[in-house]
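*Asks:* compute the structure for the input listed below.
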Amino acid sequence: ITNLINRFYDIQSGRITYDGIPIRQIKKASLRGSLGMVLQDTHLFTGTVRENIRYGRLDATDEEIVSAAKLANAHYFISHLPEGYDTVLTADGANLLCITRVMLCLPPMLILDEATSSIDTRTESLIEKGMDSLMKDRTVFVIAHRLSTVRNSDAIMVLEHGEIIERGNHDELIKQQGKYYQLYMGMFELS
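*Replies:* Purely as a prediction, here's the structure:
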C-alpha cells in the first residue's frame, strides 16, 4: 500500500486519489515531498543528533529542532545524552530521531511503517502522546503489528495475504469478534 501511495509502481486498475487528484497526475517529486515517512528500518548518518534531525528540514533553526524533539517526546532523552543535541550518533534511538525529523517537517500525510517496533513500550507510550498532536488534521497510515499503536485510529484495516478482511474503528472491530478481535485479545493474554 505504501509503495502504491509513493508511486514506486503504478496500479494496473482502480484509482488512488490524493485530495481528489489521481496520483498519476501528480509529479512523483511533489507527491513524495508531501509525505512524511517513518519506516521500521531507520538509517542515520554519522553526525550529531542535531544534524540528523535537521535532515528532516535543512533550513530548520536550533529552536525548531528542539521544538520538534519536544513534540516527539524525544527532548528528555536527547538532553540526557552525554553531549545532548551535539552527541555523535550510533544506531541507538534511530526511530525516535526519525519521528522527530518528521515532526520538524509537518507534512500533510504521514506513513508510519512499524515506526515504534524497535522501541520499548514505555518509550512508545511517550512517543504516541506526542504523535497525537502531529496526527491531528492529517492523513496517517499506520502499519503495525502492535495493536496499541492503532487503537485510536479512525479507520483500521486488517489485511491478510494482501486483502482487506476487516475495516472499522477499534470498538466496531472488537464487536465483530473477527480477526482483529482475536489478535487484540491475544495481545493482552501475552501481557
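*Asks:* residue 183: which element?
*Replies:* helix 179-190 (DSSP states H and E).
*Asks:* give the rounded mean pLDDT of that helix.
*Replies:* For helix 179-190, mean pLDDT is 74.
*Asks:* cool, and stretch 7-25?
*Replies:* The predicted model assigns stretch 7-25 a mean pLDDT of 90.
*Asks:* and that stretch, which residues are buried?
*Replies:* Neighbour-count burial for stretch 7-25, counted by 16 or more other Cβ atoms under 10 Å, picks out 7, 18, 23. Glycine gets a C-beta too; all of them are placed from N, C-alpha and C.
*Asks:* enumerate the positions of stretch 65-74 that are buried.
*Replies:* For stretch 65-74, by 16+ other Cβ under 10 Å, it's 65-69, 71-74.
*Asks:* which stretches of this structure form strands?
*Replies:* Along the chain, counting by DSSP state E, strands occupy 17-18, 21-22, 35-38, 109-113, 139-143, 156-160, 163-168.
*Asks:* which of those strands has the lowest mean pLDDT?
*Replies:* strand 35-38 (a mean of 78).
*Asks:* which residues touch the spatially most central residue of the chain?
*Replies:* The centre of the chain sits closest to residue 112, judged by Cα atoms, centre = their mean, with a distance of 2.5 Å. When contacts are counted by Cβ atoms under 8 Å, 6 or more residues apart in numbering, residue 112 touches 37-38, 140-144, 149.
*Asks:* and those, which is closest to residue 107?
*Replies:* Distances from residue 107 to these, taken as Cβ to Cβ, are shortest for residue 37 (8.8 Å).
*Asks:* can you get me a residue count around the closest one?
*Replies:* 20 (other Cβ atoms under 10 Å).
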